[in-house]
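Trainee: Kindly generate the corresponding structure for this input.
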Amino acid sequence: MPFPLVECIPNFSEARRPQVIDAILAAIQSVPEIQVLDRHSDLDHNRTVITFMGPPTAVEEAAFLAIAKAADLIDLNNHTGEHPRIGATDVVPFVPLVGTSMLDCIEMARRLGKRVAFELKLPVYLYEEAAIRPERQNLEVIRQGEYEQLKTLIASDPGRTPDFGPSFLGPAGATVIGARQHLIAFNVYLTTNDVTIAEKIARAVRCSSGGLRFVKAIGVLVNGLAQVSMNLTNYHQTPVARVVELVRREAAAYGVAIHHSELVGLIPQDALVDASTWYLQLNDFHPEQILENRLAQFRVEPNNEPWSTSGKTFLDQLASVDPTPGGGSASAYAGAMGAALIAMVARSTVSRKKFSGVKEMMWAISDQAETLRANLTILVDQDAAAYLALVSATRLPKDTTEQQAIREDNIQQATIGASLVPLQVSRIAVTLLDLACQAAAYGNPNAIADAANAGILAKACLSGSVLNARHNLAGVKEGNIIQPVLAELALLEQQANESELKLRSVLKEKTNLVF
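Mentor: Purely as a prediction, here's the structure:
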């Protein structure tokens, strides 16, 4: 399994039609590198939870395909079940696993939310760590009144306006997307069918009504037994064993006992170890005493530095005797590094509470920088491809007048293409310089030197790409394209110079440093 890894645990409002869940599961598994870890369906809840993991890009794509498939196959107007819900795909949380951070998952949630809203025309709410509105961190607030109430209020109540997408609820409802830490979905069944007892126990256990911290609970009837359905949001602070014992004591007060319990999805090993340690009353226990943990210490750790490998590969190719990649690709690569630095500055700002006033600005800068980085990464290869196309054109036969004409035409088209690629790079470089100024002016001051370096790389990107564009234009014979491109290059240089002066001014004002 490649690294880094993210976990996704989407909840779908369907369990009674296995063919629907099979179709959603097939959509998820259609994405390469995705590994499905668990599938749990509850007929009374009429809800299915699928757990899968993979590299962030693959997980994001699989989540989108699952939401799209569920929207096609699930009509909430015909849905009933014990579990609260507002959407066919009710909730989609991302959880960081290996080599990923909560910030990575927040960005995934926001990107996915925008895409679902734009392409599927579904209302999207962001929750937990990804929430834009603080009051929406709690899922219960968003899901209040469920699908039926939201359908009547979404267009008229400003408090129910989605974060992305239309203020209209169709048969697929709305989707809640977020980022969170590991959560344990844990249900306790009682030796009674009196659901009011489960409701009273849930009220005593859950945090919102004075119970245990990090516990959410409701009482429902499942398979003929009263069930206390819970989400444990921080098992380190409130261990599973403590929750079970409180449920047991509350149940005894009503003359009932625990029949059995169940997990929905997966549970971290630490949570089970904590419970075992508590029940067994093990003194001075250490995780290293678990045989499997000791064995794991002898396994080879994965290389979790893809940037070092890819960077080395590019530099090796750049230093080789091959003409590609060349200066144009190197310029685009410098710009991509600048974009990455800008994204880093923005992320180091949004992760600190004291910069909450510029949080949304920094999110926008991060999103734009990542988009530009992706574009420049593509242009690295496109510049090399443009040069190779020109070389191929020069190798065409020229023995006859007709062949000569075809060859000349291909050379001209290839030369124009080789000029337009660095023009695109130049446009992006100017935008990056402006973003670097904003990052330096409003971002985390501890990262201001990184913002300045991003600006320097963006300026180097511009200088190299402008040089390449002008060099290639010298071989173009069609005058109607030369002057407009030269004029735009001159304008881009002027704009870049102005942005560079602003960046210098910001740097001097905030740090008294110059470059």
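Trainee: what's the burial count for residue 295?
Mentor: The local packing count at residue 295 equals 9, with neighbours defined by other CB atoms under 10 Å. C-beta: built from backbone N, CA, C; applies to glycine.
Trainee: for the residue nearest to the spatial centre of the chain, what are its contacts?
Mentor: Closest to where the C-alpha atoms of the chain average out (CA atoms, centre = their mean) is residue 108, at 1.1 Å. Residues touching residue 108, when contacts are defined by CB atoms under 8 Å, 6 or more residues apart in numbering, comprise 6, 56, 59-60, 94, 179.
Trainee: From residue 352, how far out is it?
Mentor: Shown here: residue 108 relative to residue 352, a distance of 20 Å by CB to CB, to the nearest Å.
Trainee: what about the residue nearest to the centre of the chain, which helix or strand?
Mentor: Residue 108 is part of helix 102-120, with elements assigned from DSSP states H and E.
Trainee: Can you mark which positions in the next helix-or-strand element following that helix are buried?
Mentor: Per DSSP H and E, the first helix or strand lying C-terminal to helix 102-120 is strand 124-128. Of all the residues in strand 124-128, those buried under the rule 16 or more other CB atoms under 10 Å are 124-128.
Trainee: any chance of those residues in TSV, with distance to residue 409 and pLDDT too?
Mentor: Supplementary listing: these in TSV, determined by distance: CB to CB, whole Å; pLDDT from 0 to 100:
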residue	distance to residue 409	pLDDT
124	50	97
125	55	97
126	53	97
127	58	95
128	58	91
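Trainee: could you dump the residues you listed to TSV with distance to residue 114?
Mentor: Listed next are these as TSV, based on distance: CB to CB, whole Å:
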residue	distance to residue 114
124	8
125	13
126	10
127	15
128	17
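Trainee: Looking at those, which is nearest residue 359?
Mentor: Minimum separation from residue 359 among the buried residues of strand 124-128 (CB to CB) is found for residue 126, which lies at 13.0 Å.
Trainee: and the closest residue to that closest one other than its chain neighbours, what are its phi and psi?
Mentor: Nearest non-adjacent residue to residue 126, counting by CB to CB, 6 or more residues apart in numbering: residue 163, 4.9 Å away. Main-chain dihedrals, residue 163, degrees, to the nearest 10: phi -70, psi -30.
Trainee: For residue 163, give its distance to residue 106.
Mentor: Separation of residue 163 from residue 106 (CB to CB) stands at 13 Å.
Trainee: ok, those two, which is more surrounded?
Mentor: Counted by other CB under 10 Å, residue 163 and residue 106 do not tie: residue 106 has more neighbours, with 25 against 21.
Trainee: Run through the residues that contact that one.
Mentor: For residue 106, the contacting residues are 129-130, 179, by CB under 8 Å, 6+ apart.
Trainee: taking the contacts of residue 108 one by one, which sit in helices?
Mentor: For the contacts of residue 108, membership in helices holds for 56, 59-60, with DSSP state H as the criterion.
Trainee: Could you find the lowest-pLDDT member of the residues you listed?
Mentor: Per-residue confidence over those reaches its minimum at residue 56, where pLDDT is 93.
Trainee: Correct me if wrong: that one contacts residue 8.
Mentor: No. The criterion here is CB atoms under 8 Å, and residue 56 misses it with residue 8 at 9.9 Å.
Trainee: more crowded one of these two?
Mentor: For residue 56 against residue 8, the residue with the higher neighbour count under other CB under 10 Å is residue 8, and the figures read 26 against 21.
Trainee: what's the more buried one sitting at in phi/psi?
Mentor: phi -130, psi 140.
Trainee: Name whatever forms a beta bridge with it.
Mentor: With DSSP bridges as the criterion, the beta-bridge partners of residue 8 are residue 52, residue 94.
Trainee: Can you list the buried residues in stretch 176-191?
Mentor: Applying 16+ other CB under 10 Å to stretch 176-191 flags 176-190 as buried.
Trainee: So which of those residues belong to strands?
Mentor: Counting by DSSP state E, the part of those found in strands is 176-179, 184-190.
Trainee: ok, so of those, who is nearest residue 359?
Mentor: residue 179 (14.9 Å).
Trainee: Neighbours of the nearest residue to that closest one once chain neighbours are set aside, how many?
Mentor: What sits nearest to residue 179 in space, not counting adjacent residues and going by CB to CB, 6+ apart, is residue 105, at 3.6 Å. Number of residues near residue 105 (other CB under 10 Å) recorded here: 28.
Trainee: ok, residue 105 - contacts?
Mentor: Contacts of residue 105 by CB under 8 Å, 6+ apart are 6, 94-96, 129-130, 179-180.
Trainee: One more: residue 428?
Mentor: For residue 428, the contacting residues are 335, 372, 375-376, 379, 461, taking CB under 8 Å, 6+ apart as the criterion.
Trainee: Check those and tell me the two furthest apart.
Mentor: Greatest spatial distance in the contacts of residue 428: 375 and 461, 12.0 Å, computed using CB to CB.
Trainee: what's the neighbour count on the residue nearest to residue 45 when sequence neighbours are not counted?
Mentor: Ranked by CB to CB, 6+ apart and with sequence neighbours excluded, the top spatial neighbour of residue 45 is residue 83, at 4.0 Å. Other residues near residue 83 come to 19 when the count uses other CB under 10 Å.
Trainee: ok now stretch 73-82, how far from the chain's centre?
Mentor: The offset between the C-alpha centroid of stretch 73-82 and the centroid of the whole chain comes to 28 Å, using CA atoms, centre = their mean, to the nearest Å.
Trainee: whoops, I mixed them up, stretch 121-131
Mentor: In terms of CA atoms, centre = their mean, the centre of stretch 121-131 is found 12 Å from the chain centre.
Trainee: On the pLDDT front, check residue 400 for me.
Mentor: At residue 400, the pLDDT value in this model is 90.
Trainee: how far away is it from residue 477?
Mentor: Applying CB to CB, one obtains 21 Å for the distance of residue 400 from residue 477.
Trainee: Kindly report the same for residue 458.
Mentor: Distance, residue 458 to residue 477, using CB to CB: 32 Å.
Trainee: quick one: which of these two has more around it?
Mentor: Comparing residue 458 with residue 477 by neighbour count (other CB under 10 Å), the higher total belongs to residue 458, at 32 against 11.
Trainee: What strand or helix carries the residue nearest to the more buried one when sequence neighbours are not counted?
Mentor: For residue 458, ignoring the flanking residues on the chain, the nearest one in space by CB to CB, 6+ apart is residue 432 at 3.8 Å. Taking DSSP H and E as the criterion, the element that holds residue 432 is helix 401-442.
Trainee: from the chain's centre, how far out does that helix sit?
Mentor: The gap between where helix 401-442 is centred and where its chain is centred comes out at 30 Å by CA atoms, centre = their mean.
Trainee: circling back: who wins for neighbours among the contacts of residue 428?
Mentor: Result: residue 335 is most packed of the contacts of residue 428 (other CB under 10 Å), 33 neighbours.
Trainee: Need the nearest residue in space to that residue, chain neighbours excluded.
Mentor: Using CB to CB, 6+ apart and skipping the chain neighbours, the partner closest in space to residue 335 is residue 461 (3.4 Å).
Trainee: Doesn't residue 263 belong to a strand?
Mentor: Yes. Residue state for residue 263 (DSSP: H, G, I helix; E, B strand; the rest coil) corresponds to a strand.
Trainee: SS state for residue 155?
Mentor: Using three-state DSSP as the criterion, the local structure at residue 155 reads coil.
Trainee: In contact with the nearest residue to it once chain neighbours are set aside: list those residues for me.
Mentor: What sits nearest to residue 155 in space, not counting adjacent residues and going by CB to CB, 6+ apart, is residue 167, at 4.8 Å. Taking CB under 8 Å, 6+ apart as the definition of contact, the neighbours of residue 167 are 123, 154-155, 161.
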